[in-house]
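Chemist: what's the 3D shape of this:
(chains A and B)
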Amino acid sequence: MKAGYTIRMGFAGLGVNKMRSSLTVLGVVIGVAAVISLMSVGRGSQAVITNNIEAMGTNLIFVYPGATSQGGIRGALGSASTLTLEDAEAISDSTLAPAVVAVAPQVNSFAQVVAGRQNTRTQVIGVTPEYQSVRNYQLEQGNFISASQVKSRAKVVVLGSSVSETLFGLRSPIGESVKVNGIQYEVIGVLKSKGGTGFGVSDDIILAPITTVQERLSMQRTVSGGRSVSSINIQVKSSADIDAATQQISAILRKRHNIVAQDDFTITSQQDMIQTLKESTGVFVLLLGAIAGISLLVGGIGIMNIMLVSVTERTREIGIRKSVGARRQDILLQFLVESATLSLLGGGIGILVGWGISRLISGINISSTTINTVMSADILILAVSVSAAIGIVFGLYPAYRAARLNPIDALRYE
Amino acid sequence: MIELDSVTKTYQMGEVAVQALRGVSCHIEKGEMVAIMGPSGCGKSTLMHIMGCLDTPTSGKYFLDGDEVSKLSDSQLARVRNKKIGFVFQTFNLIPRISALANVELPLLYGNVSNGRQRAREALERVGMGHRAAHMPNQLSGGEQQRVAIARALVNNPSIILADEPTGNLDSRASLEIITILERLNREDGITIVVVTHEAEIAARAKRIISLRDGQIIDDRLVPSQQEAGT
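Modeler: Residues are numbered from 1 along each chain as shown, chains lettered A, B, ... in the order given. Next up, the predicted model:
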């Protein structure tokens, strides 16, 4: 039996009932397109998050205070106030922590910011000059906060790009004054937009000298009454140094805090954050794929249904073919070719449609979240192989039924 | 050529076992033209199916060209059907959605024969249907369809053609044409032909008539003068 003939017969079989065949193909198209477009959305959001974390800077380690613990009830991570500016200074000691390149402590607070008739509520972060290089911020105009301004607790601020736009529109805010919680500050600079949304990177911030924020905005105090910091950003030489630096920092802080058992701080690296987020978004992507996979399954059942009908309709033809010498495998192959053609055709069109949908929805805003899509080869390979597998798996049973038919019964079938 | 040795066939119809053949033994030589006659339900068709390797006997032995085929596997039987046997059915059994030529070519495709198109065309010429090769079965009359079916039966040069009521659905003129073609294939090409029929005139064209009743052979005789019956 020539394979070419079997394949031609398979195609001819589909041609007999074009409407029916195309509806069956449509079922697979919808399934494959759904898998592709939803997975590309999932991958897209994963990429956004990773990009955001990477935009924070390179080779970063973050030190957060530990959780508060009152009467055995542990609070959230970072809720305690155990880190101080002195801790940050100690970490920058190049003999105790040689892997560390730069240290930038920060204090977070929220405040109402007013400029003229405009106002906004935003995050006010107290920083030191190192913050700019460690967190990879560039200035759109003006200057960053200087060491002397930190020392003198100067009332100056650097605006994030979106805050600047909200308060001043297209005007240059340099030299203008803003009121933060009722006190006047001079604007000395505007940050370049990082373009990130949500996690890790934001343009909706105001930077001020860390000492100023500690004095005027942040109420956080350590147990001994000193002024605390919210977290410490540490840049290391290279990603290979992260483990060494983590150990050095732990040693310094344990010694300073007189710790014997439970650490009162937590150290995380940028890689850890990316890893954790990739894992959690990976589940999300998989879930999207699984939901879309259900429609692919329904498409497969459609193929099986149509193939069963087709086998029944052509029972006599099967009998005739067997009486002139077709073997079981010849009949099996003929019907498998039919179902595989249906599913591969559906898979092919589905890829195009899915790709189209993914490009179409990329960049659409839904309640201030921009949909981002990423198409990758593995999604396409997955979709094609799944659709081919569906054609074979769901075609196998009808084809097997056809092949197993007794020639006499098949010939007598009306 | 064909040798049946006390062949029985029992069908299980639900609770009841139906004995379609109760020990049939007969011998058909190469080049014979045999008619099998009998009332409906006598086991003619069952016998035909067993001879045509579409079915296997419940007990007994069947030798075709010296090989015992009653014990062959499914795909071996398919091969025997393809190479040694040509079928002609009462209802023609052409595949409706392919042309007459493609129908005739079918056994060659399953038999992996090269230049199938050409041989199929020649087979159609032999039954006088060369000019209708491209037609679909539903564009042909009953007699024409049966001639295409005969072309399909002989295209693979089988040693035997089995015809199950080949004229049952045809008018008398077409019937005459069909039996004449079968007769000619037997006479000129030496193909063994077995015709199941209940029409006496058709049976009279054979050289030998086997009569069946209740799954047994009740009569087996040679037809004395076959020449005068057709004219």
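
Chemist: tell me how far the residue of the stretch 201-350 of chain A found nearest chain B lies from B:Asn156.
Modeler: Closest approach of the stretch 201-350 of chain A to chain B (Cβ to the nearest Cβ) occurs at A:Gly325, with a separation of 2.4 Å. Quick note: C-beta positions are derived from backbone N, CA and C, even for glycine. Distance of A:Gly325 to B:Asn156, given as Cβ to Cβ, to the nearest Å: 8 Å.

Chemist: looking at these two, which is more packed in?
Modeler: A:Gly325 (26 against 23; other Cβ atoms under 10 Å in any protein chain shown).

Chemist: helix/strand/coil for the more buried one?
Modeler: coil (DSSP: H, G, I helix; E, B strand; the rest coil).

Chemist: what sits against it?
Modeler: If you count contacts by Cβ atoms under 8 Å, 6 or more residues apart in numbering or on different chains, A:Gly325 has them with B:Ala78, B:Arg79, B:Arg81, B:Asn82, B:Lys83, B:Pro107, B:Tyr110, B:Gly111, B:Asn156.

Chemist: check contacts around the second one.
Modeler: Residues near B:Arg79 by Cβ under 8 Å, 6+ apart: A:Gly325, A:Arg327.

Chemist: sec struct for it, please.
Modeler: Quick answer, by three-state DSSP: B:Arg79 is helix.

Chemist: dig out what the residue nearest in space to the middle of chain B forms beta bridges with.
Modeler: With distances taken as Cα atoms, centre = their mean, B:Leu162 lies nearest the centre of chain B, 1.3 Å away. Listed by DSSP bridges, the beta-bridge partners for B:Leu162 are B:Phe87, B:Val194.

Chemist: could you list the buried residues of stretch A:93-101?
Modeler: A:Ala97, A:Ala99, A:Val100, A:Val101 (16 or more other Cβ atoms under 10 Å in any protein chain shown).

Chemist: equivalent analysis for stretch B:51-71, please.
Modeler: Residues B:51-58, B:60, B:62, B:64, B:69-70 are the ones in stretch B:51-71 that count as buried (16+ other Cβ under 10 Å).

Chemist: please enumerate the strands of chain B.
Modeler: In chain B, the segments counted as strands under DSSP state E are B:2-13, B:16-28, B:33-37, B:59-64, B:67-68, B:85-88, B:160-164, B:192-196, B:208-213, B:216-222.

Chemist: and the last one, average pLDDT?
Modeler: Just to be clear, that refers to strand B:216-222. Strand B:216-222 comes out with an average pLDDT of 91.

Chemist: kindly report the same for the fifth one.
Modeler: Model confidence over strand B:67-68 averages 88 on the pLDDT scale.

Chemist: again, but for the longest one
Modeler: Computed over strand B:16-28, the mean pLDDT rounds to 91.

Chemist: and the angle for it with strand B:208-213?
Modeler: Counting by axes from the mean of the first three to the mean of the last three Cα atoms, to 10 degrees, strand B:16-28 points 160 degrees away from the direction of strand B:208-213.

Chemist: buried ones in strand B:16-28?
Modeler: So for strand B:16-28, counting by 16+ other Cβ under 10 Å, buried means B:Gln19, B:Ala20, B:Leu21, B:Val24, B:Cys26, B:Ile28.

Chemist: so which of the contacts of A:Gly325 comes closest to chain A?
Modeler: B:Asn82 (2.4 Å).

Chemist: okay, now that closest one: neighbour count?
Modeler: A count of neighbours around B:Asn82, defined by other Cβ under 10 Å, yields 27.

Chemist: same check, this time on the one 5 residues further on
Modeler: Residue neighbour count, defined by other Cβ under 10 Å, stands at 26 for B:Phe87.

Chemist: including distance to chain A, could the buried residues of stretch B:51-71 go into JSON lines?
Modeler: Output for those, formatted as JSON lines (distance: Cβ to the nearest Cβ, whole Å):
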{"residue": "B:Met51", "distance to chain A": "13"}
{"residue": "B:Gly52", "distance to chain A": "7"}
{"residue": "B:Cys53", "distance to chain A": "9"}
{"residue": "B:Leu54", "distance to chain A": "5"}
{"residue": "B:Asp55", "distance to chain A": "6"}
{"residue": "B:Thr56", "distance to chain A": "11"}
{"residue": "B:Pro57", "distance to chain A": "13"}
{"residue": "B:Thr58", "distance to chain A": "14"}
{"residue": "B:Gly60", "distance to chain A": "18"}
{"residue": "B:Tyr62", "distance to chain A": "16"}
{"residue": "B:Leu64", "distance to chain A": "14"}
{"residue": "B:Val69", "distance to chain A": "14"}
{"residue": "B:Ser70", "distance to chain A": "16"}
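
Chemist: returning to what we had before: return the per-residue confidence for the residue of the stretch 201-350 of chain A closest to chain B.
Modeler: A:Gly325 is given a pLDDT of 90.

Chemist: contacting residues for the residue lying closest to it once chain neighbours are set aside?
Modeler: Distance criterion Cβ to Cβ, 6 or more residues apart in numbering or on different chains; nearest residue to A:Gly325, sequence neighbours excluded, is B:Asn82 at 2.4 Å. Going by Cβ under 8 Å, 6+ apart, B:Asn82 touches A:Val324, A:Gly325, B:Pro107, B:Tyr110, B:Gly111, B:Asn156.

Chemist: columns distance to A:Gly302 on top of these, output as JSON lines?
Modeler: Formatted as JSON lines, these follow (distance: Cβ to Cβ, whole Å):
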{"residue": "A:Val324", "distance to A:Gly302": "32"}
{"residue": "A:Gly325", "distance to A:Gly302": "33"}
{"residue": "B:Pro107", "distance to A:Gly302": "35"}
{"residue": "B:Tyr110", "distance to A:Gly302": "31"}
{"residue": "B:Gly111", "distance to A:Gly302": "36"}
{"residue": "B:Asn156", "distance to A:Gly302": "39"}
